[in-house]
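1. Please work out how this folds:
(chains A and B)
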Amino acid sequence: IAGITQAPTSQILAAGRRMTLRCTQDMRHNAMYWYRQDLGLGLRLIHYSNTAGTTGKGEVPDGYSVSRANTDDFPLTLASAVPSQTSVYFCASSPFAGNNEQFFGPGTRLTVL
Amino acid sequence: RKEVEQDPGPFNVPEGATVAFNCTYSNSASQSFFWYRQDCRKEPKLLMSVYSSGNEDGRFTAQLNRASQYISLLIRDSKLSDSATYLCVVNDYKYIFGTGTRLKVLA
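-> Coordinates of the predicted model:
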């Protein structure tokens, strides 16, 4: 693995289903982030984690949960998907929280029907 | 007023042209700023950080104007490969993204 990987690349999901988007980084970065990108709205922060074992809410956290059991993995779970969660989801990481460059994964394209 | 605003474009320019984008931000206490490039359906990638004194990287120049609360990106001698969306980012301990400015460089 080099950098950040996300899985799946894309997914079509029925409304009401549970879905976990996976994110793994091998850069030993402390901070990790989940964003969603929607046309005309730019990237918006869903949840973040400044270090393993801690998480925090971003701008649009409702309907999503995260965990950070170790440094490398930061999964995002949709407990009961709704059509408004159709979006492109990007995971990112940075060496530390704060004023560091963030590195982005390739994204997951999610469609909820 | 939005926290970070960009002209969505598109800016259509011929190869070899010079093009500039501005991005305004609302929080006068913002400390760090970045320009990211995003190709269609791909992840954003850091183009350059924006320093108070301005900085240059090859054909790209970034500047910060704190008094007027905007940052700018200047691209000289545009290449076809510069066609992309350019995202302005203001870092207030969390990243705040602009919606992006789309650039098309035409042959």
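2. which residues does the spatially most central residue of chain A bridge with?
-> Centroid-nearest residue in chain A: residue A:34, 3.0 Å away (criterion: C-alpha atoms, centre = their mean). Partner residues in beta bridges with residue A:34, using DSSP bridges, are residue A:47, residue A:91.
3. pretty sure it contacts residue A:43?
-> No - in this structure, residue A:34 is not within contact of residue A:43 by C-beta atoms under 8 Å, at 10.2 Å. Where C-beta positions appear, they are placed from N, C-alpha and C, glycine not excepted.
4. what do the two both touch?
-> Residues touching both residue A:34 and residue A:43 by C-beta atoms under 8 Å, 6 or more residues apart in numbering or on different chains: residue A:90.
5. near chain B, which residues of chain A?
-> A:33, A:40-45, A:48, A:58, A:88, A:90, A:97-99, A:101-107, A:109 (C-beta under 8 Å from any C-beta of the partner chain).
6. redo that, cut-off 7 Å
-> Proximity of chain A to chain B, by C-beta under 7 Å from any C-beta of the partner chain, involves residues A:40-43, A:45, A:90, A:98-99, A:101-102, A:104-107.
7. So, low pLDDT: which residues of chain B?
-> B:1 (pLDDT under 70).
8. ranges for the helices of chain B?
-> Assigned by DSSP state H, the helices in chain B number zero.
9. which parts of it sit against chain A?
-> Residues of chain B lying near chain A (C-beta under 7 Å from any C-beta): B:31-32, B:43-44, B:46, B:91, B:93-95, B:97-100.
10. go again using 8 Å as the cut-off
-> Checking chain B against chain A by C-beta under 8 Å from any C-beta, the hits are B:4, B:8, B:31-32, B:34, B:41-46, B:49, B:87, B:91, B:93-95, B:97-100.
11. What about these, which are in strands?
-> B:4, B:32, B:34, B:45, B:46, B:49, B:87, B:91, B:95, B:97 (DSSP state E).
12. Kindly reformat those as CSV containing distance to residue B:68 and neighbour count.
-> What follows is these, written out as CSV (distance: C-beta to C-beta, whole Å; neighbours: other C-beta atoms under 10 Å in any protein chain shown):
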residue, distance to residue B:68, neighbour count
B:4, 14, 24
B:32, 18, 19
B:34, 19, 22
B:45, 27, 14
B:46, 24, 15
B:49, 19, 16
B:87, 20, 26
B:91, 19, 19
B:95, 22, 25
B:97, 20, 23
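13. and which of those residues is nearest residue B:12?
-> residue B:87 (18.9 Å; C-beta to C-beta).
14. Report the contact partners of that closest one.
-> Counted by C-beta under 8 Å, 6+ apart, residue B:87 has contacts A:42, A:43, B:6, B:35, B:36, B:37, B:38, B:44, B:97, B:98, B:100.
15. Also residue A:93?
-> A:4, A:25, A:27, A:29, A:31, A:32, A:33, A:74, A:102, A:103.
16. which residues sit in contact with residue 86?
-> Going with chain A. Contacts of residue A:86 by C-beta under 8 Å, 6+ apart are A:110, A:111, A:112.
17. Sorry, I should have been clearer: chain B.
-> Per C-beta under 8 Å, 6+ apart, neighbours of residue B:86: B:6, B:21, B:35, B:36, B:37, B:38, B:47, B:73, B:100, B:101, B:102, B:103.
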